[in-house]
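>>> Here's a sequence, model it:
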Amino acid sequence: MTDRVPFREAIALQPAALDTCFNAVSKRLEMLDLEPVRRGPTVLVGIGASLYAAVVAAAQMRAQGLRAFALPGTDLYDASVDAGEAYIAFSASGRSEEPARAMELRPTAHSYGIAKADGTPISRVVRHMIATESGVDSGPNTTSYLGSLLSAALLIDKAGRSSGTNWGQISGRAEIVLKQTRAQADKAAKLLAGKKSIDCVGAGTALGTAGYAALLIREAARVAAQDWDTLNFLHGPMEPNDRGSGVLLFGNGREVKLAQDLAGFGIPSVLVTARTDIADGDNLVVIHVPAFSEGIGDAILQAIPAQLLIATLSEDAGLPVCEFRYRQTDTKRDI
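Below you'll find the predicted structure:
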């Protein structure tokens, strides 16, 4: 089996990847000293999809009593900036230049790396490595993204207040979500087909999900997309939307009324939510994802229908495999 498979094929692999990740990371965390993370603040560093994983994880850390915030690796290129007590570098492939350089500039820091495998460049510039063992991936990232989130969830439960979540169940829940949301995801893709742009909206951990979804849309479907914090979206960013654009929202709170309002304005909208009292309507498709664990647990599962609808958008655009048209030569380090 190759390291890269088509987008939709990788989506289907995620329940098994999550099961492997849970076992591998649980074992690894038994040997790690997380006291620097407990003291905090912790800076979570990433780029691309891994930055959005860091956004999700930082929001969850704060919810569980840990001081944390997320930054792109480029914000730490000044080695004199002492931003935190500990650093967690996220890199799905383990090869991303920017988080690796940020850690390389801080050789004495309490640093941890989260990537799909050990022996990657990121492992050489951090003190402690957490390999997700998420296995085969796609372009754009699927298994490695969810593996990063689950690894962070397990680390946070050990370092902060326990969420009380049985993370061993996440694989089975992911399998259910894959099956139960496929039809609505296809319906949502039809609603968003042909749109000139798609805004992705969420708050807290869901802001990271919105960022991840926007990146997938840009990479896989080649449609202009942007992520927004829910309340920030109300303060002007929503003004360009019309029937020719779309909005993808994640959440159970203000996002619900916002989705309904947008649909009422004639703007095609898709809401991914745990709430079961909201139904489809004109210009509105609702994808119900049963609640699992507030915050990062739900973020893992809500990413799946977003992946499914984006896979349909990409396939309808004749792009079942994501191949960058404008790939740059200085974004990855060699193994």
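
>>> contacts and neighbour counts: CA atoms only from here.
OK.

>>> Let me see the ranges of the helices in the chain.
Taking DSSP state H, the helices of the chain run over residues 7-29, 35-39, 49-63, 97-104, 143-159, 170-192, 205-216, 230-233, 254-264, 296-316.

>>> Need the CA coordinates for the fourth one. PDB is fine.
Meaning helix 97-104. This file holds the C-alpha atoms of helix 97-104, laid out as PDB (Å, rounded to 0.1, in the frame of the first residue of the first chain):
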ATOM      1  CA  GLU A  97       9.500  23.400   7.400                       C
ATOM      2  CA  GLU A  98       7.900  26.100   9.500                       C
ATOM      3  CA  PRO A  99       7.100  24.300  12.800                       C
ATOM      4  CA  ALA A 100      10.400  22.400  12.500                       C
ATOM      5  CA  ARG A 101      12.400  25.600  12.100                       C
ATOM      6  CA  ALA A 102      10.500  27.200  15.100                       C
ATOM      7  CA  MET A 103      11.500  24.300  17.300                       C
ATOM      8  CA  GLU A 104      15.000  24.200  15.900                       C
END
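
>>> which residues touch residue 117?
When contacts are counted by Cα atoms under 8 Å, 6 or more residues apart in numbering, residue 117 touches 93, 94, 131, 132, 133, 134.

>>> Save the residues you listed as JSON lines, and put in distance to residue 173 too.
Output for the contacts of residue 117, formatted as JSON lines (distance: Cα to Cα, whole Å):
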{"residue": "93", "distance to residue 173": "25"}
{"residue": "94", "distance to residue 173": "27"}
{"residue": "131", "distance to residue 173": "22"}
{"residue": "132", "distance to residue 173": "19"}
{"residue": "133", "distance to residue 173": "19"}
{"residue": "134", "distance to residue 173": "17"}
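
>>> among these, which are in strands?
Here DSSP state E is the test, and the contacts of residue 117 give residue 131 as lying in strands.

>>> Out of the contacts of residue 117, give me the one that has the most neighbours.
residue 132 (32 neighbours; other Cα atoms under 10 Å).

>>> you'd agree it is up against residue 113?
No: applying Cα atoms under 8 Å as the test, residue 132 and residue 113 come out as separate, 10.1 Å apart.

>>> For residue 217, state which of the contacts of residue 117 is nearest.
Distance ranking of those against residue 217, using Cα to Cα, places residue 93 first at 19.7 Å.

>>> From residue 132, how far off is the closest one?
10 Å (Cα to Cα, to the nearest Å).

>>> For the two, list the residues in contact with both.
Common neighbours of residue 93 and residue 132 (Cα under 8 Å, 6+ apart) are 115, 116, 117, 144.

>>> Nearest to residue 138 among these?
Once Cα to Cα is applied, the member of these that ends up nearest residue 138 is residue 144, at 8.7 Å.

>>> got the contact list for that closest one?
By Cα under 8 Å, 6+ apart, the contact set of residue 144 is 92, 93, 115, 116, 132, 134, 135, 137.

>>> Please tabulate the residues you listed in TSV, including the columns distance to residue 300 and pLDDT.
Output for the contacts of residue 144, formatted as TSV (distance: Cα to Cα, whole Å; pLDDT from 0 to 100):
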residue	distance to residue 300	pLDDT
92	15	92
93	18	92
115	16	97
116	16	94
132	14	97
134	14	94
135	17	92
137	16	91
